[in-house]
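**Student:** Sequence first, predicted model second:
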Amino acid sequence: MATWRAATLDDVKGITQVADEVHRELPESEDVFAERVKLFPEGCLVLVNGEHICGYAISHPIRNGQPPALDSMLGTIASDADQYYIHDVSILPTLRGNGLASACINKLLEVGDKYSTTCLISVYGTAKFWRRFGFMPGPLNPVLSEKLRGYGEDAAYLLRQNSAEGSRG
């Protein structure tokens, strides 16, 4: 049975293998995944089935409306980060449809709940899926619009208001 657990640096090769299979058109380097796990481990999960990594989630705080470009290094988490960003939730096709993504997203939203909003860039026409978790199209500016182009033609910037109890002012 597949279960989610915290990602470690030892998992980066497996994360990259899943990413290479799921996101053939949107490749990211192993270094990007390793950096995210190092910088914000509480926002990084892997889905394991036995010893095999069959999914992953990468998320971290950002400055409001400033998600990173695809396949780019962060360097650091900004000390004034005021928004939570779900970089990616990916599961191998053989395990989809079992509620595993929902379980993961709920965990990520708990981590990000201390921020007033959570955002993501939806790809492959998944905006409808993300609406189930309260994500709606967010405001765009020229810089963000340019970043979206790097994520493919159907990329959409989505935003979710987090619970008032957990949010910063």
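**Tutor:** Thanks, I have it. Residues are numbered from 1 along each chain as shown.

**Student:** contacts, neighbours, all on C-alpha from now
**Tutor:** Noted.

**Student:** if I read this right, Arg149 contacts Ala155, doesn't it?
**Tutor:** Yes: assessed by C-alpha atoms under 8 Å, Arg149 is found in contact with Ala155 at 7.2 Å.

**Student:** which one of these two has more residues nearby?
**Tutor:** The residue with more neighbours, out of Arg149 and Ala155, is Ala155; 20 against 14, by other C-alpha atoms under 10 Å.

**Student:** Mind listing what's buried along stretch 46-54?
**Tutor:** 46-48, 53-54 (16 or more other C-alpha atoms under 10 Å).

**Student:** For the lowest-mean-pLDDT helix or strand in the chain, which outside residues touch it?
**Tutor:** Between all helices and strands in the chain, the lowest mean by mean pLDDT, DSSP states H and E belongs to helix 142-149, at a mean of 92. With contact meaning C-alpha atoms under 8 Å, 6 or more residues apart in numbering, helix 142-149 is reached by 65-70, 121, 155-157.

**Student:** mind listing which of those are in strands?
**Tutor:** Within those, residues falling in strands by DSSP state E are 121, 156-157.

**Student:** packing partners for the helix ranked longest in the chain?
**Tutor:** Longest helix in the chain, counting residues (DSSP state H): helix 100-112. Other helices and strands packing on helix 100-112, by 3 or more C-alpha pairs under 8 Å, 6 or more residues apart in numbering; DSSP states H and E, are strand 52-62, strand 83-91.
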